[in-house]
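Enquirer: next one to model:
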Amino acid sequence: MKYLAAAFDYDGTLASDGRVFPSTVAALKRLKESGRKVLMVTGREIDDLLRVFPEVEMFDLVVAENGALIYDPATKKEQKLTEDCSEDLLAALKKRDVKPINHGRCIISTWEPFHQATIDAIKELGLELQIIFNKGSVMVLPSGVNKGTGLIAACEQMGLSPHNVIGGGDAENDHAFMSLCQVAVAVSNALPAVKERADLVTTRDHGAGIEEMIDMLLKDEFANCKMTRHDQLLGKNLEGAEVKFAALGTNILIAGPSGSGKSNATLGILDTLAQADYQFCLIDPEGDYEAFGNSVVLGDAKRSPSADEVMQLLKNPQSNAIVNLLGLKLEDRPAFFSALFPRLQEMRGDFGRPHYIVIDEAHHIFPKDWQPAESFVPHQLKGLITITVHPTTVSPVILKDLDFLLTIGEEPESTVRNLAEVAGYKMPKLKRTKLGKGQSLVWCPRTGDAPQVVELELSNIERRRHRRKYAEGYLGEERSFYFTGPHKLKLRAQNLITFSQLANGVDDATWLYHLKRHEYSKWFKEIIKDDTLAEVARGVEDSENISTEEGKQRVLNAIEERYTLPVESK
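Expert: Here you go, the predicted model:
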């Protein structure tokens, strides 16, 4: 079971005109009975939600107030994830005759067209707040708080990764949490922008669409739906086309002689996975991965690790484990792994992770004559990366369910041929291949396609890390962008996502104030370190022939194109 939880928006998704139909409630109960967790992620205040939806008790957790509050229906306890809503702002809005005004523990909300009066009140008070729009609703929250941050906090409480969660929504404010989920589902009544970014769009609207989604999940976990949004990069072939692998459940074998670059290829894949927050546990017999910075090393040449400390470390979804077996005798290593492996599989059953189990020197752990125990289930070996000198030294049980073979070193075509013979794959067309540095002959045994030479673009990993940081991270007060404008606002953008949200809400005078001073291009160039984005902004700043709105959209579109992963059409 890959997807252990589902998270749903309320209004416009589960509910139509504030009401959830009995058939949708029944579908949610079926989902719960399957052993999965069920979460709600809503913009509503918790008191209002409890009033309109008494069945909330079936949910494991509720993320309310657009990510500002977590409510546990079982204990009725609340956990605020940010400060209380501003009493000063409430008073200022009432003074400006803004109606209606609603507020919860942390959120203040009203409706368009009172967004401008709200912005004016925020700037007058000098508050560091953001405005989030949702189908005409105007929500005020502290900067950086959204449904995505709320979902992450809820997942941490349950020990889950968002990569094992399915998300369903319909409106602008749902982007933040749906983008984090492994599968994003838009109901048919969703806004066009939400549908464009979703992995799946239901044929029915509101709760009926969610019922449709739940039926698909319970049937086969979307096995027949092609979803590529989270695919990870291996490299590019000689024609320049990207070669990617599915982020969940892919089996990869990396083969080649000693010193050929197997460790570097493995590190590239692991770095890519770590940057995308997929958890791994690497069994390292020879201490080759001690310097890898995205993990914790357990054990060394003098001390063997214990299975207990490995499992304790992996309880944190953000932690990756490298299990150094140098302290164990060679003949004792298979027994160590045989004791650890069932516990890793049990954790996978409960929490869906570690997403990858990585075995270096796999011929020692899974030798040619290795056979699984009677209790072994084939799907337990999904999400497995094995590294070896030669496939013929590894058990055929491991080899028969490969998605990718990466061969490195001299005569890679011989490795492909030997794998096909040992594991019973159809022999592909082969020709003599000479690989350059950083190249691999990549074969997908189950597709029937011919192997191709792939340049492993490990340098892209550092660029991706930076992009993620600037898009979603926390740049700090001195490096943030501040919308002040002629009104002396104090709206802080701590990353590019917040910058886009604030830019959409500020008035034209504020936008033009910074535009005329070339402050956008300067920030993109000096702080974000993106010359291309800075060029786009500079072009808008220097142009006298485009409207304010068109210029703003050019900048915001450039941010979206460069810092939001594209979703292929379904």
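
Enquirer: my read: Ser263 touches Tyr289, true?
Expert: Yes - with contact defined as C-beta atoms under 8 Å, Ser263 counts as touching Tyr289 (7.1 Å). Using the backbone N, CA and C atoms, a C-beta is placed for each residue, glycine as well.

Enquirer: Thr82: what secondary structure?
Expert: coil (DSSP: H, G, I helix; E, B strand; the rest coil).

Enquirer: how about it, phi and psi?
Expert: phi -150, psi -180 (degrees, to the nearest 10).

Enquirer: per-residue pLDDT, it?
Expert: According to the prediction, Thr82 has pLDDT 95.

Enquirer: re the thing from before, can you pull the residues that touch both of Ser263 and Tyr289?
Expert: Asp360 (C-beta atoms under 8 Å, 6 or more residues apart in numbering).

Enquirer: mind checking which of the two has more residues around it?
Expert: Tyr289 (20 against 17; other C-beta atoms under 10 Å).

Enquirer: check contacts around that one.
Expert: Per C-beta under 8 Å, 6+ apart, neighbours of Tyr289: 263, 266-267, 282, 295, 297, 322, 324, 360.

Enquirer: what's around the residue nearest to Glu549 when sequence neighbours are not counted, how many residues?
Expert: Closest residue to Glu549 apart from its sequence neighbours, by C-beta to C-beta, 6 or more residues apart in numbering: Asp508 at 8.0 Å. Residues lying near Asp508 (other C-beta under 10 Å) number 13.

Enquirer: for Glu156, give me its contacts.
Expert: Pro317.

Enquirer: for Lys29, that is, sorry about that
Expert: So Lys29 contacts Met58 (C-beta under 8 Å, 6+ apart).

Enquirer: now Glu544: phi and psi?
Expert: Dihedral angles for Glu544 - degrees, to the nearest 10 - are phi -110, psi 0.

Enquirer: for it, give me the pLDDT.
Expert: 86.

Enquirer: ok, now the one 3 residues further on?
Expert: The pLDDT attached to Ser547 in the predicted structure is 93.

Enquirer: who's in contact with it?
Expert: So Ser547 contacts nothing (C-beta under 8 Å, 6+ apart).

Enquirer: shaky segments in the stretch 251-400 of the chain?
Expert: Residues of the stretch 251-400 of the chain that meet the criterion pLDDT under 70 lie in 291-293, 373-380.

Enquirer: middle-most residue in this structure, spatially?
Expert: Taking C-alpha atoms, centre = their mean as the criterion, Leu180 is the residue nearest the geometric centre of the chain, at 4.2 Å.

Enquirer: which non-adjacent residue is nearest that one?
Expert: Nearest non-adjacent residue to Leu180, counting by C-beta to C-beta, 6+ apart: Pro162, 4.2 Å away.

Enquirer: ok, that neighbour - contacts?
Expert: Pro162 neighbours (C-beta under 8 Å, 6+ apart): 151-152, 155, 180-182, 277.

Enquirer: mind checking how far it is from Leu253?
Expert: As for Pro162, its distance to Leu253 is 28 Å (criterion: C-beta to C-beta, to the nearest Å).

Enquirer: show me what the helix or strand harbouring Gly207 is packed against.
Expert: In this structure, Gly207 is located in helix 206-220 according to DSSP states H and E. For helix 206-220, the packing partners by 3 or more C-beta pairs under 8 Å, 6 or more residues apart in numbering; DSSP states H and E come out as strand 5-8, helix 22-33, strand 165-169.
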